[in-house]
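>>> 3D model of this:
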Amino acid sequence: MAAAAGGAAGRPWRVIPRPVLETVLHNHALHPRVPQPLLLHGPRGVGKSTLLLNRLLPQWSDPPHYAAFVDFLHPAPTSPAHATAAPWSLLADSTPPTLPSLRLQLESALEELTRAAVLKGAVGSKDVLAALSRSHGLHTALSRLAGPAAGRGRGTSSVPVLWARAVLAATSSARGEDPTFRIGEGDAANCSMEETAYMQEAMAALRVAKELLRMQEGWRKEALREMNRTGRFSRPLVNSATDWPCLLLDVLSGAAEVDFFQPKLVLNNVDVLKRATCEDETMVPAAMYHDSFIWRVIALGANEQCLPVFMSTSDGYYSSQAFVDFGFPNIFISRETFGWTQQEAKLHMVSEFFSEKEL
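Numbers count the residues shown, from 1 in each chain. Purely as a prediction, here's the structure:
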């Protein structure tokens with residue numbers, strides 16, 4: 001996929017198109033919602049990251065298409081020099097990343113994607129409440145977020161009423177200050193007052209949802225500590241760690257519409273998430289976080305259909321064992337890419353490292 005332009009380190013990489021593989025992946029991305037995530041796997045160094053970054057993401061970031069790219073091995077490229085670096089240069093640091101940092105990376109990417117949906121008018125406060133209500137009990141947490149007025153009428157206030165009060169409180173105060181879910185200068189320059197108010201309410205609803213889920217996760221910290229101490233497993237406890245990114249996926253999937261807003265999520269080197277370190281006893285282990293998130297992506301696709309999720313990895317686990325662990329042979333749409341053609345091998349200088357027989 002990518003070949004060295006010269007022998008010296010730091011030289012730019014030449015990108016070799018692979019039309020068939022690109023077409024398969026791009027056709028999958030054209031659907032606003034799909035029933036299964038797509039797994040792109042193959043040996044390290046065959047060009048999976050280059051394919052995604054240089055050939056597909058530019059197309060997937062052109063409206064009405066929007067893409068969130070998360071590289072768990074290394075942050076997204078911030079410069080052309082970084083983007084064209086040799087793939088193995090990203091492996092220089094052998095220290096496993098921490099789960100909190102990878103979790104923040106994933107959540108930040110999905111938050112930016114959701115912000116784009118709000119600014120397009122594709123997501124409103126009611127959409128956030130509907131997604132929350134499908135899998136969470138909200139009354140107690142909303143009563144706390146809605147303020148003193150909700151506490152006085154707790155016996156009679158319904159969840160929609162409490163939600164409206166909590167969103168109003170978040171709109172009119174600086175509580176839960178989050179620049180991601182704020183309308184900045186120029187964001188609504190061409191919108192009417194009604195459209196701007198709708199977007200402000202949606203942003204406030206997302207801040208309330210994030211605070212609510214963080215509150216509920218905090219209530220489970222001691223239970224998580226006990227689960228880690230005893231080695232037992234509780235799916236509700238583990239799922240509490242992935243509630244926020246999965247809520248955003250649910251909201252975005254519901255907002256996806258052909259030729260208006262078509263989001264995608266690309267998880268590069270997803271195997272790194274499984275091996276991350278975590279020293280906090282009140283957090284779920286990285287392997288459980290990884291399994292919970294992927295399982296919920298699969299469930300969302302099977303039950304409601306999910307926005308296209310692409311997972312790229314060089315770990316053989318995903319091609320040989322993952323479908324067993326997740327319970328069904330065709331749980332992923334699997335696309336595998338191996339080495340190079342003879343011409344590509346020459347461009348990669350493979351002959352300098354392997355004999356002709358070994359090739």
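>>> what residue ranges in the stretch 251-359 of the chain score low on pLDDT?
The stretch 251-359 of the chain contains residues with pLDDT under 70 at 339-359.
>>> residue ranges of the helices in it, please?
271-274, 286-303, 317-320, 322-325, 342-347 (DSSP state H, counting those that start in this stretch).
>>> just name the most buried of those helices.
Stretch with highest mean neighbour count among the helices of the stretch 251-359 of the chain: helix 271-274 (a mean of 21; mean count of other Cβ atoms under 10 Å). For glycine as for every other residue, the C-beta is placed from the backbone atoms N, C-alpha and C.
>>> just how off-centre is that one within its chain?
Centroid separation for helix 271-274 versus its chain: 13 Å, with Cα atoms, centre = their mean, to the nearest Å.
>>> who touches it?
72-73, 96-97, 99, 102, 106, 267, 286-287, 289-291, 293, 313-315, 317-318 (Cβ atoms under 8 Å, 6 or more residues apart in numbering).
>>> follow-up on the earlier one: ok, which of the helices of the stretch 251-359 of the chain comes nearest Glu211?
helix 286-303 (20.6 Å; Cβ to Cβ).
>>> other SSEs contacting the closest one?
Packing partners of helix 286-303 (3 or more Cβ pairs under 8 Å, 6 or more residues apart in numbering; DSSP states H and E): helix 99-119, helix 235-239, helix 243-255, helix 271-274, strand 309-313.
>>> which among these is found nearest to Thr282?
Nearest to Thr282 among the helices and strands packed on helix 286-303 is helix 235-239; the distance by Cβ to Cβ comes to 10.6 Å.
>>> only alpha carbons, please: show that closest one as CSV.
Extracted in CSV, the C-alpha atoms of helix 235-239 (Å, rounded to 0.1, in the frame of the first residue of the first chain):
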residue,chain,number,x,y,z
ARG,A,235,-22.3,-7.1,32.6
PRO,A,236,-24.2,-4.1,33.9
LEU,A,237,-21.1,-2.9,35.8
VAL,A,238,-18.8,-3.3,32.8
ASN,A,239,-21.3,-1.7,30.5
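>>> one step back: can you put the helices and strands packed on helix 286-303 in CSV and add distance to Phe326?
CSV is the format used below for the helices and strands packed on helix 286-303 (distance: least, Cβ to Cβ, whole Å):
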stretch, distance to Phe326
helix 99-119, 19
helix 235-239, 14
helix 243-255, 16
helix 271-274, 13
strand 309-313, 12
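>>> which one of these lies closest to Arg225?
Arg225 sits nearest to helix 235-239 of all these, at 10.3 Å, using Cβ to Cβ.
>>> list the buried residues in that closest one.
237-239 (16 or more other Cβ atoms under 10 Å).
>>> could you do stretch 307-315 as well?
Within stretch 307-315, the residues scored as buried using 16+ other Cβ under 10 Å are 307-315.
>>> now do stretch 212-228
Within stretch 212-228, the residues that count as buried by 16+ other Cβ under 10 Å are 212-213, 216-217, 220, 224, 227-228.
>>> contact partners of it?
Contacts to stretch 212-228, defined as Cβ under 8 Å, 6+ apart, come from residues 132, 136, 138, 141-142, 144-145, 166, 233-234, 237, 240-241, 243-244, 247, 281-285.
>>> now which of these would you call buried?
Neighbour counting by 16+ other Cβ under 10 Å classes 132, 138, 141-142, 145, 166, 237, 240-241, 243-244, 247, 282-285 among the contacts of stretch 212-228 as buried.
>>> Ile333: which of these is nearest?
Leu247 (24.0 Å).
>>> Ala131 is in contact with that closest one, correct?
Yes - between Leu247 and Ala131 there is a contact under Cβ atoms under 8 Å: 5.7 Å.
>>> tell me who's in contact with the most centrally placed residue in the chain.
Centroid-nearest residue in the chain, with Cα atoms, centre = their mean: Leu106, separated by 4.8 Å. Contact partners of Leu106, counting by Cβ under 8 Å, 6+ apart, are 70, 245, 267, 273, 293.
>>> in stretch 58-78, which residues are buried?
For stretch 58-78, the neighbour count (16+ other Cβ under 10 Å) marks 60, 65-74, 76-77 as buried.
>>> before we move on, back to that, would a markdown table of the buried residues of stretch 212-228 with secondary structure be doable?
Formatted as a markdown table, the buried residues of stretch 212-228 follow (DSSP: H, G, I helix; E, B strand; the rest coil):
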| residue | secondary structure |
| --- | --- |
| Leu212 | helix |
| Leu213 | helix |
| Gln216 | helix |
| Glu217 | helix |
| Arg220 | coil |
| Leu224 | helix |
| Met227 | helix |
| Asn228 | helix |
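>>> cheers, nothing more for now.
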